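A.B. asks: Generate a structure from the sequence data that follows.
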Amino acid sequence: MTRREILSGFVLSSDFRSFLALQPDAVLVEVTGTQGSTPREAGTFMLVSAKRVWGTIGGGHFEFIAIGNARQMLAGTGGTDVMDIALGPEIGQCCGGRTQLRFRRVTDAVSDELEKKQEDEAERLPEVYVFGAGHVGRALAAALAPLPLSVTVIETRRDELANLPVSTKSLLVPMPEALVKDIPAGAALVILTHDHALDFLIASEALARTDLAYVGMIGSATKRATFANWLSREAGGERSWLTRLTLPIGGSAVKDKRPEVIAAMTAAEILAALAAYREPSSS
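C.D. replies: Numbering: from 1, shown residues only. Next comes the predicted model:
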């Protein structure tokens, strides 16, 4: 079997269940251990059938070897249940570490095990709340959908919730600002509504808390100044809260105001903020 044949047929769907429904004769490839620098961590897995692949354990020649071994098992022409691969020059990689792999034919029991693993991981996913499903809100929901996040979009307008990704949760409420107090600690909150006054109400509620990983609001330097004045004069807030507000969202490195670009840059900000919140400096 050639490298082209082995690496063909990758499936990018986020749902392994759909893959197994169409490719029931498959091998589960799991990363069971790592040492040193490796492309993926222990617990990562992928599924390999005779012609298709779901997921990735890190790519490169290392993955090529794993896919080939799995397909030998499927064909009954060889293969091994475990592998210990050095990620060095001998296989054309320069990570320098080692990865241990386990290979198992997918049975009902293995499928149930994967189901439980996915459910457990879903319960631990960082949460992101997007207030507003206008052009940028929908673009941001689409940008966040394939990432390991639990995303909820909140709107006052029913029609705007119609075109969200399937995996995105949604809430239709008359007073979005009232929900802020119930958002879990460590979550990220992005404010993108159609109404600046509503933006300000949501932001003031969010900034009154100190346990959110990220609070961002769409706008400009002028909007930030206007909000700062309103916060201290009308809302009873403190200007020091502004240090916890990202406004504008998306940074200034890319001078492009298209919704998809703003969404991509904001998604990167959110990921960085969530990682920093969960892995505080040891200093």
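
A.B. asks: Only C-alpha atoms from now on, for both contacts and neighbour counts.
C.D. replies: Fine.

A.B. asks: What segments of the stretch 1-150 of the chain are helices?
C.D. replies: 3-7, 16-22, 60-75, 108-123, 135-144 (DSSP state H, counting those that start in this stretch).

A.B. asks: Would you reformat these as TSV and include distance to residue 221 and mean neighbour count?
C.D. replies: Conversion of the helices of the stretch 1-150 of the chain to TSV gives the following (distance: least, CA to CA, whole Å; neighbours: other CA atoms under 10 Å):
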stretch	distance to residue 221	mean neighbour count
helix 3-7	48	14
helix 16-22	44	14
helix 60-75	44	19
helix 108-123	37	12
helix 135-144	18	23
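
A.B. asks: how about those helices, which one is nearest residue 238?
C.D. replies: With CA to CA as the criterion, residue 238 lies closest to helix 135-144 of the helices of the stretch 1-150 of the chain, at 27.6 Å.

A.B. asks: Of all residues in the protein, which one is nearest the centre?
C.D. replies: Ranked by distance to the mean C-alpha position of the chain (CA atoms, centre = their mean), the top residue is residue 147 at 2.1 Å.

A.B. asks: picking that back up, can you say which of the helices of the stretch 1-150 of the chain is nearest to residue 208?
C.D. replies: Taking CA to CA, helix 135-144 is the member of those nearest to residue 208, at 23.2 Å.

A.B. asks: Pull the residues that contact the helix or strand following the closest one.
C.D. replies: Next helix or strand after helix 135-144 toward the C-terminus (DSSP states H and E): strand 150-155. With contact meaning CA atoms under 8 Å, 6 or more residues apart in numbering, strand 150-155 is reached by 122, 125-133, 137, 141, 144-145, 161, 167-174, 176, 193.

A.B. asks: Just the buried ones out of those residues, please.
C.D. replies: Those of these that meet the buried threshold are 126-133, 137, 141, 144-145, 161, 170, 176, 193, by 16 or more other CA atoms under 10 Å.

A.B. asks: What is the nearest of those to residue 69?
C.D. replies: Closest to residue 69, out of all of the buried ones among the contacts of strand 150-155 and judged by CA to CA, is residue 145, at 31.9 Å.

A.B. asks: And the pLDDT at the closest one?
C.D. replies: You'll see residue 145 listed with a pLDDT of 91.

A.B. asks: go on, residue 56?
C.D. replies: 89.

A.B. asks: going forward, begin numbering at 51 instead of 1
C.D. replies: Yep, numbering from 51; the last one is residue 106 now.

A.B. asks: Report how many residues lie close to it.
C.D. replies: Using other CA atoms under 10 Å, residue 106 has 19 neighbouring residues.

A.B. asks: Please name the nearest non-neighbouring residue to it.
C.D. replies: With sequence-adjacent residues excluded and distances taken as CA to CA, 6 or more residues apart in numbering, residue 106 is closest to residue 96, at 5.4 Å.
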